[in-house]
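# Show me how the following folds:
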Amino acid sequence: MKTWKSWILFPIEILGFLGMYVFFRVLPLRVSQQIAMRIGWLLSKIHPASRIIECNLHLTQFPTNNRAQFVSEVWGHCAALLAEYAHTHSYSKLIHTHLHVKGHEHLEAFNNSLRAGIFAGAHIGNWGLAGAYIHAHARTKVAMVHRPPNNWVLNTCVHYIQAPFADVIVEKNIYAGQKLVRLLNDNVSIFMLIDQKNNAGISLPFLKREAKATPGAALLTYKHNRPILPFMCQRNTDGTFTLTFSPVIWPHDFSNTPEPVRAITQKLNNLCEQWIRQAPTQWLWLHKRFHRSLYRPK
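Below you'll find the predicted structure:
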């Protein structure tokens, strides 16, 4: 049931999103990125969510030379990402003109398994552009796991934006797991981001702290004997991107491990941490990645 806040906020969210989308879509990509980064700088000064970034940096004791500049660059990245999403209609061209690919042999090894599997990434750089490349080069259909916003109109817009890089969009809910299993059995690979907190997940070390990690990818790969292909897509200073595939994770490599699901999840967690340290300001530090009590004002 909608509250009075929903009736007020939902139209504002819709108008703001559509206004930004149209504004950035009519501009060239590079101009959109540059303007968005300046908007991000302004948001870093006035938006209360900057406190979440600073809190995450404090909790993880993440090394930064200038914390204020770091927060500003994180906001700039987030704003640039939104600007780039206004250009998803041209992602099929951008993957040829603006994307450098490393580790393509790992994608080939994944494809040569002749089985649907898991493409596992994180909220780093432009994961949507990675999705467009994977969708174009995978030998199976690809389903994307998506956390829907509360605003159903925005959710419809997000579906439209993600259409160029997914054959199926699966919304995160209590039925998602069953649907993902059916898709794997129908030889449809799963594209998912694995760095978000899962309150029902496994407690594992992450950035020097205990954090709840989602075991979904590990459960699917181990229980259904499917490969995992980890990837990250980093933005470069010249407006291009570098998509890097890591070696395929094969479930049989963990058959003699006492807790295989935990071991696979830890391996993915370690990769996420490695990616974050490689491009620290391009991770979504706006997430409350650790226990909520740690973010309360003292």
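# need the strands for the stretch 101-250 of the chain, in chain order.
118-121, 141-146, 168-171, 188-193, 197-206, 209-213, 228-235, 241-245 (DSSP state E, counting those that start in this stretch).
# Go through those strands and name the closest to Phe254.
strand 228-235 (10.8 Å; Cβ to Cβ). Using the backbone N, CA and C atoms, a C-beta is placed for each residue, glycine as well.
# Excluding its own residues, what touches that closest one? List them.
Outside strand 228-235, the residues that touch it by Cβ atoms under 8 Å, 6 or more residues apart in numbering are 77, 80, 99, 106-107, 110, 117-122, 124-127, 129-130, 134, 217-218, 221, 241-246, 248-249, 264, 268, 271, 275, 278-279, 282.
# Relative to Ile46, which of the strands of the stretch 101-250 of the chain is closest?
strand 228-235 (23.7 Å).
# follow-up on the earlier one: please, a ChimeraX command that selects the buried ones among the contacts of strand 228-235?
Burial among those is assessed by 16 or more other Cβ atoms under 10 Å; the matching ChimeraX selection reads:
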select :77,80,99,106,107,110,117,118,119,120,121,122,124,125,126,127,129,130,134,217,218,221,241,243,244,245,246,248,249,264,268,271,275,279,282
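# Please flag which of the contacts of strand 228-235 sit within helices.
Of these, the ones assigned to helices by DSSP state H are 77, 80, 106-107, 110, 127, 129-130, 134, 217-218, 221, 264, 268, 271, 275, 278.
# In which helix or strand does Arg30 reside?
Assigned by DSSP states H and E, Arg30 belongs to helix 29-46.
# what angle do that helix and strand 228-235 make?
Orientation of helix 29-46 against strand 228-235 (axes from the mean of the first three to the mean of the last three Cα atoms, to 10 degrees) gives an angle of 90 degrees.
# Low-confidence stretches in the stretch 151-298 of the chain?
Along the stretch 151-298 of the chain, segments meeting pLDDT under 70 span 298.
# so how far is stretch 160-167 off the chain centroid?
15 Å (Cα atoms, centre = their mean, to the nearest Å).
# Can you mark which positions in that stretch are buried?
Under 16+ other Cβ under 10 Å, the buried positions of stretch 160-167 are Ile161, Gln162, Pro164, Phe165, Ala166, Asp167.
# quick one, what contacts the residue nearest to the fourth one when sequence neighbours are not counted?
So the one you mean is Phe165. Setting aside the residues directly before and after it, Phe165 is nearest to Gly131 in space (Cβ to Cβ, 6 or more residues apart in numbering), at 3.6 Å. Gly131 sits next to Phe119, Val142, Met144, Gln162, Phe165, Ala166, Phe191 when contact means Cβ under 8 Å, 6+ apart.
# and if we set it to 7 Å?
Taking Cβ atoms under 7 Å, 6 or more residues apart in numbering, we find Gly131 in contact with Met144, Phe165, Ala166, Phe191.
# Widest-spaced pair of those?
Among the contacts of Gly131, Phe165 and Phe191 lie farthest apart (Cβ to Cβ), at 7.8 Å.
# Just name the most buried of the strands of the stretch 101-250 of the chain.
Counting by mean count of other Cβ atoms under 10 Å, strand 118-121 has the highest mean neighbour count of the strands of the stretch 101-250 of the chain, with a mean of 26.
# Please save the CA atoms from that strand in CSV.
Extracted as CSV, the C-alpha positions of strand 118-121 are listed here (Å, rounded to 0.1, in the frame of the first residue of the first chain):
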residue,chain,number,x,y,z
ILE,A,118,27.1,-17.9,-14.3
PHE,A,119,28.6,-14.6,-15.4
ALA,A,120,29.6,-13.1,-12.0
GLY,A,121,30.5,-9.4,-11.7
